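J.: Everything below, folded, please.
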Amino acid sequence: QVQLVESGGGLVQAGGSLRLSCACSHTFSPYAMGWFRQAPGQEREFVAHIRWIDARTYYADSVKDRFTISRDTAENMVYLQMNSLKPEDTAVYYCNAKGREHMKTASSIYTEKGFWGQGTQVTVSS
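T.: All right, here's what the predicted structure looks like:
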């Protein structure tokens, strides 16, 4: 059983920063880990992922240049540094971990395949 535990959500004013963390079971070796988010009444959407072997990063256009994803392979953790937050970033943020079995193609990194955390709320006030 792969467990993902997120932390770091909260309430922040527009323009502020937050850092999300996600710890993955040490029994699992991810191919990639990252974040999706879901705002009220909207579908879950891809935010950012990082490939474990070489730290290659992938970002949604809406967060590029504001968010930075990083990983700690020794601790099996992934982080999302969110700067210049906007009210439209308000959502529940979900950690996602993908194994090689979830990667049928290169674009699979953007899909909702893999394992999930319970989510952490991020609220950005205007």
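J.: Need the per-residue pLDDT for L80.
T.: According to the prediction, L80 has pLDDT 98.
J.: who touches the residue nearest in space to the middle of the chain in this structure?
T.: Most central in the chain under Cα atoms, centre = their mean is W35, positioned 1.7 Å from the mean C-alpha point. W35 is in contact with 20, 22, 47-49, 69, 78, 80, 93-96, counting by Cβ atoms under 8 Å, 6 or more residues apart in numbering. (Each C-beta comes from the backbone N, C-alpha and C, glycine too.)
J.: Could I get the full set of strands for this protein?
T.: Taking DSSP state E as the test, the strands found in the chain are 4-7, 10-13, 18-24, 32-38, 45-51, 57-59, 67-72, 77-82, 91-98, 115-116, 120-125.
J.: So which elements touch the second one?
T.: In this case it means strand 10-13. Where contact means 3 or more Cβ pairs under 8 Å, 6 or more residues apart in numbering; DSSP states H and E, strand 10-13 is packed against strand 120-125.
J.: Give me the nearest residue to L11, chain neighbours excluded.
T.: Of all residues not flanking L11 in the chain, T123 sits nearest, at 4.7 Å (Cβ to Cβ, 6 or more residues apart in numbering).
J.: What separation do you get for the one you found and K64?
T.: With the distance defined as Cβ to Cβ, to the nearest Å, T123 ends up 22 Å from K64.
J.: Equivalent analysis for V122, please.
T.: From V122 to K64 the distance is 17 Å (Cβ to Cβ).
J.: Who has more neighbours out of the two?
T.: More crowded of V122 and K64, by other Cβ atoms under 10 Å: V122, with 22 against 12.
J.: The more buried one bridge partners, please.
T.: G10, A91 (DSSP bridges).
J.: So it is in contact with P87, correct?
T.: No - with contact defined as Cβ atoms under 8 Å, V122 does not reach P87; the gap is 10.8 Å.
J.: The residue nearest to L11 reaches A14, doesn't it?
T.: No - if you go by Cβ under 8 Å, T123 and A14 don't touch, sitting 10.8 Å apart.
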